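Enquirer: turn this into a model:
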Amino acid sequence: MKTDVEELSPTRVRLSVEVPFDELKPSLDKAYREVGRQVRIPGFRPGRVPPPVIDRRVGRDVVLNQAVNDAMPDLYAKAVADGDINALGQPEVEITSLDDGKELTFTVEVDIRPRFELPDLSSLSVTVDDTLVTPDEVAERLAMLQDRFASLKGVQRPVAEGDHVSIDLSASVGGEPVEDAQASGLSYPVGSESLLDGLDQALIGMSAGESKTFSTELAGGDFAGQEADVTVTVHSVKAKEVPGLDDDFAQMASEFDTLGELRADTRAQLERDKAMRQVVQARDLALDALLDQVDIPLPESVVTEEAKHNRESIENQLSRAGASLDGYLEMTNQTEEQFEADIEQRAQRAVKISLVLDQLARDEKLGVDQGELSAYVAQQAQQMGVPPDRLAQQLADNNQLGFAAAEVLRGKSTNLIAERVKVTDKSGNPVDIAAALNAPLTPAEEAADEDEDEVLAATETDEA
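Expert: You can find the predicted model right below:
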């Protein structure tokens, strides 16, 4: 087989392929067997029809076309390998000639991975937030903990913001009750503004046993968007009682004996949280810094396919939510042209990121081991709310473990960029991203590791 490569652009080539006819023999024999099983010719059992008889009764061209279609995937793969190209996207194949007994020739146009070099990562620098924890932040976190252990106690006074009330609601439009806007014994936190516009303002100052009517616009139901008269009746008022911040609270709310120990642990947790946010920041900013330094021609068909996928994803999400694209555009204050331009821009960025991360993985000879693949599957399963072993089986059944491995590689490339780029915080202190990424697991992360082990056997079996 002979393959010539013609560069049409930095991201697209045309392969001209010549295949000696004898290389088609395995596919030709297979085509005769399959056609022979399908046809019914008197005097011959299915599958036992000689080729010359099939040629006369069915036609040699039918068999040749089936043989070429069967051979084409392997011929294309061999042509790509012979041409030493990194093909992307779907190829466009055209058979230019099929000379029976002599030669098959065909051309393939396909997008390819562009050739480019990455800059020295150590020459790039980014700045991330500080990890300094202030006393106010510690106090705020402790206040949130106190709130979790708060209790409600009935009070004999008018409603104030922050109280919890038991209420009845009834709405009417034009004097007619609205059936789907009636509620009894509803528990409502005053100040949350989570029900009806104007409800919180109406409640403040009311006492148990009192009723009040106010006007508001209904947000849902058959009368959505219409002005309604809503009557609210208060049955009871409860105030939130927050436990005191002392040693007793520390013992009740944590494993610590003293408030000082709880406060120190809270500060340490906040520092760990900020350190993790630093890592996330560094990954994002370092990748952006690298992308700014790399100018890559993007394969058109790959960008088009990515944009199509993004558009379908948004449309599916809207459909599941019972919404329309027109409604989404109105809500986001976009024209259709702006929406399409945004889709295109996102697709271009996604393709560029993939090309850069894949190139770095090749340059650094990064690989994916079984444990890393299992960890990725477990993480995705947790986000999707499905058992890890079930997701692993689905990926294997759909031949998507290779896609999962590619995502793991890109994650490793992103980490590598963050580790090598110069990272400092806003106070000018250097930040060791590698140390943060390799820090010991917390108990929660160790528990997650146990889930990852559940998918290890499944992925090992399917990769074997």
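Enquirer: got the domain boundaries for this protein?
Expert: When the chain is parsed with automatic domain parsing, its domains come out as 2-112, 151-241, 278-463.
Enquirer: and the helices in the stretch 251-400 of the chain?
Expert: 259-293, 300-320, 325-331, 336-363, 370-384, 388-397 (DSSP state H, counting those that start in this stretch).
Enquirer: run the angle between the fifth one and helix 388-397 for me.
Expert: Angle, helix 370-384 to helix 388-397, by axes from the mean of the first three to the mean of the last three CA atoms, to 10 degrees: 110 degrees.
Enquirer: for the stretch 51-200 of the chain, what spans make up the helices?
Expert: Under DSSP H, counting those that start in this stretch, the stretch 51-200 of the chain gives helices at 51-54, 60-83, 135-148, 199-203.
Enquirer: name the stretch among these that sits most buried.
Expert: helix 199-203 (a mean of 19; mean count of other CB atoms under 10 Å). Where C-beta positions appear, they are placed from N, C-alpha and C, glycine not excepted.
Enquirer: now it: mean pLDDT?
Expert: In this model, helix 199-203 has an average pLDDT of 94.
Enquirer: and stretch 11-31, how far from the chain's centre?
Expert: 39 Å (CA atoms, centre = their mean, to the nearest Å).
Enquirer: list the buried residues in it.
Expert: Buried residues in stretch 11-31, defined by neighbour count with 16 or more other CB atoms under 10 Å: 11-13, 15-17, 19, 23-24, 27-28, 31.
Enquirer: follow-up on the earlier one: the helices of the stretch 51-200 of the chain: which one's closest to Leu270?
Expert: helix 135-148 (5.8 Å; CB to CB).
Enquirer: where does the stretch 1-150 of the chain have low pLDDT?
Expert: In the prediction, the stretch 1-150 of the chain carries residues with pLDDT under 70 at positions 47.
Enquirer: how about the domains of the chain, which one is nearest Pro119?
Expert: domain 278-463 (4.9 Å).
Enquirer: next one: that closest one to chain centre, how far?
Expert: On CA atoms, centre = their mean, the centre of domain 278-463 falls 7 Å from that of its chain.
Enquirer: for the stretch 151-300 of the chain, just list every one of the strands.
Expert: 151-154, 164-173, 176-189, 211-217, 227-241 (DSSP state E, counting those that start in this stretch).
Enquirer: and Ser374, which of those strands is closest to it?
Expert: Here strand 176-189 is closest among the strands of the stretch 151-300 of the chain (CB to CB), at 42.7 Å.
Enquirer: and Asn399, its phi and psi?
Expert: phi 50, psi 40 (degrees, to the nearest 10).
Enquirer: and which of the buried residues of stretch 11-31 is nearest Gly174?
Expert: Closest approach to Gly174 among the buried residues of stretch 11-31 (CB to CB): Thr11, at 64.0 Å.
Enquirer: list just the one of the helices of the stretch 51-200 of the chain that sits closest to Ala418.
Expert: helix 135-148 (24.9 Å).
Enquirer: which residues touch the closest one?
Expert: With CB atoms under 8 Å, 6 or more residues apart in numbering as the test, helix 135-148 has contacts from 240, 242-243, 245, 249, 253, 262-263, 266-267, 269-270.
Enquirer: rerun at 7 Å
Expert: Residues outside helix 135-148 that contact it (CB atoms under 7 Å, 6 or more residues apart in numbering): 242-243, 245, 253, 263, 266-267, 270.
Enquirer: what number of residues lie near Thr424?
Expert: Thr424: 13 surrounding residues under other CB atoms under 10 Å.
Enquirer: what residues sit buried inside the helix or strand harbouring it?
Expert: Under the criterion of DSSP states H and E, Thr424 resides in strand 422-425. Across strand 422-425, burial judged by 16+ other CB under 10 Å covers 423, 425.
Enquirer: low pLDDT regions in the stretch 201-350 of the chain?
Expert: Nowhere does the stretch 201-350 of the chain drop to pLDDT under 70.
Enquirer: the same query, at a cut-off of 90, please.
Expert: 217-227, 240, 319-328, 330-332 (pLDDT under 90).
Enquirer: sorry, back to before: which one of the buried residues of stretch 11-31 is nearest to Leu357?
Expert: The closest of these, once distances to Leu357 are taken by CB to CB, is Thr11, at 17.4 Å.
Enquirer: and Gly205, which of the strands of the stretch 151-300 of the chain is closest to it?
Expert: strand 211-217 (9.1 Å).
Enquirer: so in that sheet, which strands flank the closest one, and in what orientation?
Expert: strand 227-241 (antiparallel) (DSSP bridges).
Enquirer: return the distance of the partner strand from the chain's centre.
Expert: For strand 227-241 - counting by CA atoms, centre = their mean - the centre lies 42 Å from the chain centre.
Enquirer: okay, buried residues for it please.
Expert: Neighbour-count burial for strand 227-241 [16+ other CB under 10 Å]: 228, 230, 232-234, 236-239.
Enquirer: hmm, back to that, only the buried subset of the contacts of helix 135-148, as a PyMOL command please.
Expert: Those of those that count as buried under 16+ other CB under 10 Å are selected in PyMOL with:
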select buried, resi 243+245+253+263+266+267+270
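Enquirer: can I get the contacts of helix 135-148 in TSV with distance to Leu409?
Expert: Listed next are the contacts of helix 135-148 as TSV, based on distance: CB to CB, whole Å:
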residue	distance to Leu409
Val242	49
Pro243	50
Leu245	48
Ala253	43
Arg263	43
Thr266	38
Arg267	37
Leu270	33
